[in-house]
Structures are given as C-alpha cells and as structure tokens.
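Undergrad: Give the three-dimensional model of this entry:
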Amino acid sequence: QVQLVESGGGLVQAGGSLRLSCAASGGTFSSYVMGWFRQAPGKGRDFVAAITWSGSTYYGDSVKGRFSISRDNAKNTVFLQMDSLKPEDTAVYYCAAPSVRRIVTTPGEYTYWGQGTQVTVSP
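TA: The predicted structure follows:
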C-alpha cells in the first residue's frame, strides 16, 4: 500500500514562489508515475503536472512555464516548484500515483492520494 504525504503549502503573495514536497512510502517509488492535482473551493480536482520514473514531464496548460515537477528516487520524494504564483492558483494541492506506468491526467486514473496541502496566493 503506497502512502503519500505532502508538505510545503502556505500563504504567499502573488508573484511569489512555493515548493511542495510529497514523500512516498510502502511501494517501489522509482517505478511509479507521480502526479500533482489541485482543487479550489467549489471546483473539481484539476491536473497540474506529472513525471515518469525516468523524468519525463507533462503539465496542465494553466501552469506551463511557471511550475516545474521533479523527483528524487533515492529519497522517494516528488517536488512541485511553483513560481510566478497567481491568486487563481489558490487550492488544495494533492500528490497522487496511478496504477499504470504512463502519464495520465484524469483523477479517476490515479489510485493513491495524499491528504493534500493548502496553497493560498494573496493579490
């Protein structure tokens, strides 16, 4: 059973940066695709970014050029570097892993989820 724990959320002003971390345990981390999603109040869970075991990445349109996903397989950790943050980036951010070994972008294709970390961007 894979367990995911996010950290690094907080309050930041528009234009600022945050770095989220997701520590994984209970599985073979290096073989998993890892993804980040976010959910704003009253809205659905949206795809943010994903990374394969070898480091190939894919991003949602709204974060391209501002966010960067990376992973450290030796530390079983995936990161989300968020730069040039906007108020519309305010959401709970979730780390997730699918059961398939390819990048997928819909929440239903992800099996394992963390508890989420709040990111709030003030104007």
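Undergrad: Please name the bridge partners of the residue lying closest to V48 once chain neighbours are set aside.
TA: For V48, ignoring the flanking residues on the chain, the nearest one in space by CB to CB, 6 or more residues apart in numbering is W36 at 4.2 Å. Where C-beta positions appear, they are placed from N, C-alpha and C, glycine not excepted. Applying DSSP bridges to W36 gives these bridge partners: A49, C95.
Undergrad: Now do the contacts for W36.
TA: L20, C22, V48, A49, A50, I69, V78, L80, Y93, Y94, C95, A96 (CB atoms under 8 Å, 6 or more residues apart in numbering).
Undergrad: In a markdown table, list these along with distance to S31.
TA: Output for these, formatted as a markdown table (distance: CB to CB, whole Å):
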| residue | distance to S31 |
| --- | --- |
| L20 | 22 |
| C22 | 16 |
| V48 | 21 |
| A49 | 19 |
| A50 | 14 |
| I69 | 17 |
| V78 | 13 |
| L80 | 20 |
| Y93 | 23 |
| Y94 | 20 |
| C95 | 16 |
| A96 | 15 |
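Undergrad: For T57, state which of the residues you listed is nearest.
TA: Nearest to T57, judged by CB to CB, of the contacts of W36 is I69 at 5.4 Å.
Undergrad: sorry, back to before: check the spacing between the residue nearest to V48 and T106 real quick.
TA: Separation of W36 from T106 (CB to CB, to the nearest Å) stands at 14 Å.
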